[in-house]
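> From the sequence below, what's the structure:
(one chain, ligands or ions: 1)
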Amino acid sequence: MRSTHLITGALWGGAYLALSLAPLGFVLLTHELSGTPQPGRSFWTELSVGLGFVGLAMMCLQFALTARFPWLKAPYGSDVVYAFHRAISVVSVVLVLLHPLLLFVTRWEQMKQRPFTHPWPFWLGTASVVALLALIVVSVRRKQLGISYDAWRRGHAVLAMLAVALAVAHVLLVGHYLAEPWQRALWLVYTGAFVLLIAYVRVLKPMLELRRPWRVRSVKPELGGAVVLTLEPDGHAGLRFAPGQFAWITLWDSPFSDREHPFSFSGSAEKKDGSVEFTIKELGDWTRRVREAKPGQRAFVDGPFGALSADRHRDAAGFALFAGGIGITPMLSHIRTFADRGDARPLWLFYGAKDWESLPHREELVQRASSMPSLRVVFVLGTMPGSASLANLPANVRVQSGMITRELIDAHAPEIREWSRSGKRLECFICGPTPMMNAIEQHLSGLGVEMGDFHAERFNLV
Ligand SMILES: Cc1cc2nc3c(=O)[nH]c(=O)nc-3n(C[C@H](O)[C@H](O)[C@H](O)COP(=O)(O)OP(=O)(O)OC[C@H]3O[C@@H](n4cnc5c(N)ncnc54)[C@H](O)[C@@H]3O)c2cc1C
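Numbers count the residues shown, from 1 in each chain. Here you go, the predicted model:
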């Protein structure tokens, strides 16, 4: 299973590199074929054009990275693909910027003569670069600029489409490297793929979602300022997911509205009635409104996505789960699914929160521990509750104060260190606030767990 993901991951990486660099290859090939450089086009001019082409190809590929193709994200997980999307966008912007910069430097004498009389293609290229820079500034500074997530998301899509459309128009009108039919065909393929991706994401996918609506079955309050939203399929069989995966939910809007939010499934993957459950913490406008959803209300679900799942590690001997606050949802889905499947492999759950009352699903976890000997739960709290709350807890439930430290993990689950020494397969899943996730990754490394054996789901994609 793991080697399949490694191979597909490497193949996708190779395909990405090939598609990004293909335009540069074609520029070089054209040079080879034409034999002599065209008059007035120095090495620097050609390099600038090549870099611009690669930057543009990478901009087009950004749409594929965020188009939510489960087969594309499966080898890495969504958070890794989004992190790559963010990091590589900086590289593509640098390449795109180098294109005009090199031209300015090498043709400065020519360009400064008549600065405002440049032809149309020049202004289209300039407008594309401006749209791209605006896209980056707004994305990096969204919170400081006070832009809501939903407004940012729509603006991001518009600016990205504009930047690519203007850049493609610039390339077509400049017309260099478009003399031969195969050169035109190359750009037609890139542009066509870009248009098809937009049509798929904005039109076809929402249409498919419309044909598979869901209904709200119930909304129930849960500890820690959360609610449990249960949805049931309306006229179809529902979906299959693996524990730990997530889906994008639309309530109050149509799938065309683009007002959807990602949530991990918190229910069992083995439910027979097709219903799906999400535990949602009230954080902002949309999540605060969820408690007002009415039974029978229409909803849309796009999923499943995500790679934080025990089902990807069927040969693992056990799992260590680390949750902070609402990060419990993918872990709860695992515990419930393991219980339904009668899977008796050991599960260690380290669950951190502010206090006893901020632990969504605490009561169920205590109950499950008493009937699931393979489950060991350690609640790690900022503030300890009174002794009355701790009376009658099963022996496999512990409550500790402070933070999840390396010593604490080692004290409650010495098997983690022992197994990593002896080579027995243990997989670790982490979900919670970013500082906690980073710290736990370090603790696990310190305990000898290999990097490939711990996996994280980050709830803050942006
Ligand atoms: C893979 C994944 C799984 C998640 N699972 C859960 C879960 O099981 N339970 C839970 O309570 N929360 C979960 N979240 C977080 C949840 O999506 C956000 O809290 C929610 O979308 C906030 O929306 P809002 O409009 O109420 O808040 P806002 O005030 O708009 O946003 C608060 C912050 O949440 C983030 N956010 C907002 N909307 C989105 C969005 N559509 N996509 C990504 N991030 C967003 C932004 O960083 C924003 O600054 C998950 C997030 C991801 C990425």
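> Wasn't residue 131 part of a helix?
Yes - checked against DSSP: H, G, I helix; E, B strand; the rest coil, residue 131 lies within a helix.
> residue contacts, it?
159, 162-163, 166 (CB atoms under 8 Å, 6 or more residues apart in numbering). C-beta here means a position set from N, CA and C on the backbone, and glycine is covered the same way.
> Tell me the spacing between it and residue 166.
6 Å (CB to CB, to the nearest Å).
> With residue 194 instead?
Counting by CB to CB, the gap from residue 194 to residue 166 is 12 Å.
> same deal with residue 380?
From residue 380 to residue 166 the distance is 52 Å (CB to CB).
> Quick one: mean pLDDT for the lengthiest helix in the chain?
For the chain, the longest helix by residue count, based on DSSP state H, is helix 2-34. Taken as a whole, helix 2-34 has a mean pLDDT of 78.
> Run through the neighbouring helices and strands of it.
helix 43-65, helix 181-199 (3 or more CB pairs under 8 Å, 6 or more residues apart in numbering; DSSP states H and E).
> pretty sure residue 348 is in a strand, no?
Yes - secondary structure assignment places residue 348 in a strand (three-state DSSP).
> Residue 376 is in contact with that one, correct?
Yes - applying CB atoms under 8 Å as the test, residue 348 and residue 376 come out as touching, 5.1 Å apart.
> Need the overlap of contacts for the two.
412-413.
> what about residue 362, neighbour count?
Around residue 362 there are 21 other residues, counting by other CB atoms under 10 Å.
> who are the neighbours in contact with residue 336?
Applying CB under 8 Å, 6+ apart, the residues near residue 336 are 243, 266-268, 368.
> how much space between residue 378 and the ligand?
21 Å (CB to the nearest ligand atom, to the nearest Å).
> got it, and residue 442?
Relative to the ligand, and taking CB to the nearest ligand atom, residue 442 is found at 22 Å.
> For the closest residue in space to that residue that isn't next to it in sequence, grab the count of nearby residues.
In this structure, residue 442 finds its nearest non-sequential neighbour in residue 406, 7.9 Å apart by CB to CB, 6 or more residues apart in numbering. Applying other CB under 10 Å, we find 16 residues neighbouring residue 406.
> State the pLDDT value of residue 406.
At residue 406, pLDDT is 95.
> Worst mean pLDDT among the helices and strands packed on helix 2-34?
helix 181-199 (a mean of 81).
> list the buried ones in it?
183, 186-187, 190-191, 194, 197-198 (16 or more other CB atoms under 10 Å).
> moving C-terminal of it, what's the next helix or strand?
Counting by DSSP states H and E, the next helix or strand C-terminal to helix 181-199 is helix 205-210.
> distance between that next one and the chain's centre?
Distance of helix 205-210 from its chain centroid, counting by CA atoms, centre = their mean, to the nearest Å, is 21 Å.
> which helices and strands does it pack with?
Against helix 205-210 (3+ CB pairs under 8 Å, 6+ apart) you get strand 298-305.
> Quick check, the residue in the protein closest to the ligand?
residue 284 (1.9 Å; CB to the nearest ligand atom).
> just checking, that residue touches residue 149?
Yes - contact criterion CB under 8 Å: residue 284 and residue 149 qualify, at 7.3 Å.
> who has more neighbours, the two?
residue 149 (15 against 12).
> okay but that one is in contact with residue 262, surely?
No - Residue 149 lies out of contact with residue 262 (CB under 8 Å); the separation is 11.1 Å.
> gap between the two ends of stretch 381-394?
18 Å (CA to CA, to the nearest Å).
> Please state the offset of it from the chain centre?
For stretch 381-394, the distance to the chain centre is 36 Å (CA atoms, centre = their mean).
> quick one: the strands in the stretch 101-250 of the chain?
214-222, 226-233, 246-251 (DSSP state E, counting those that start in this stretch).
> closest one to residue 178 among these?
Among the strands of the stretch 101-250 of the chain, the nearest to residue 178 by CB to CB is strand 246-251 (39.0 Å).
> List the pairing partners of that closest one within its sheet, with orientation.
strand 261-264 (antiparallel), strand 298-305 (antiparallel) (DSSP bridges).
> how about the CA coordinates for that strand, as CSV?
Taking Å, rounded to 0.1, in the frame of the first residue of the first chain, the C-alpha atoms of strand 246-251 are listed here in CSV:
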residue,chain,number,x,y,z
PHE,A,246,-12.8,14.9,5.1
ALA,A,247,-15.4,16.4,2.8
TRP,A,248,-16.5,19.9,1.7
ILE,A,249,-20.0,20.9,2.9
THR,A,250,-22.4,23.4,1.5
LEU,A,251,-25.4,24.5,3.5
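> List of residues touching that strand?
68, 78, 209, 216, 229, 231, 239, 241, 257, 259-265, 276, 278, 289-290, 293, 297, 299-306, 330, 457.
> from the chain's centre, how far out does that strand sit?
On CA atoms, centre = their mean, the centre of strand 246-251 falls 14 Å from that of its chain.
> Just the mean pLDDT for that strand, thanks.
On average, strand 246-251 scores 95.
> Please report the number of neighbouring residues for residue 152.
There are 16 residues near residue 152, going by other CB under 10 Å.
> Spell out which residues belonging to the protein are near the ligand, please.
78, 148-149, 246, 261-264, 278-281, 283-287, 326, 329, 457, 459-462 (CB under 6 Å from any ligand atom).
> follow-up on the earlier one: can you select the buried ones among the contacts of strand 246-251 for me in ChimeraX?
Applying 16+ other CB under 10 Å to the contacts of strand 246-251 leaves a buried subset, and the ChimeraX line that selects it is:
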select :68,78,209,216,229,231,239,241,259,260,261,262,263,264,265,276,278,290,293,299,300,301,302,303,304,305,306,330,457
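> Give me the domain ranges for the chain.
2-208, 214-305, 313-456 (automatic domain parsing).
> which non-adjacent residue is nearest residue 354?
residue 382 (4.7 Å).
> same deal with residue 399?
residue 379 (4.7 Å).
> what's near enough to touch the one you found?
Neighbours of residue 379 in contact, by CB under 8 Å, 6+ apart: 351-353, 356, 359, 362, 397-400.
> could you redo the last one with a cut-off of 10 Å?
Residues near residue 379 by CB atoms under 10 Å, 6 or more residues apart in numbering: 349-353, 355-356, 359, 362, 365-366, 385, 390, 393, 397-401.
> Counting neighbours, which of these end up buried?
Counted by 16+ other CB under 10 Å, the contacts of residue 379 give 349-353, 356, 359, 362, 365-366, 397-400 as buried.
> I'd like those residues as TSV, with pLDDT, distance to residue 315 and secondary structure appended.
As requested, these are arranged in TSV below (pLDDT from 0 to 100; distance: CB to CB, whole Å; DSSP: H, G, I helix; E, B strand; the rest coil):
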residue	pLDDT	distance to residue 315	secondary structure
349	98	21	strand
350	98	23	strand
351	98	26	strand
352	96	29	strand
353	95	32	strand
356	94	37	helix
359	95	32	coil
362	96	32	helix
365	97	26	helix
366	96	30	helix
397	95	28	strand
398	95	29	strand
399	95	33	strand
400	95	31	strand
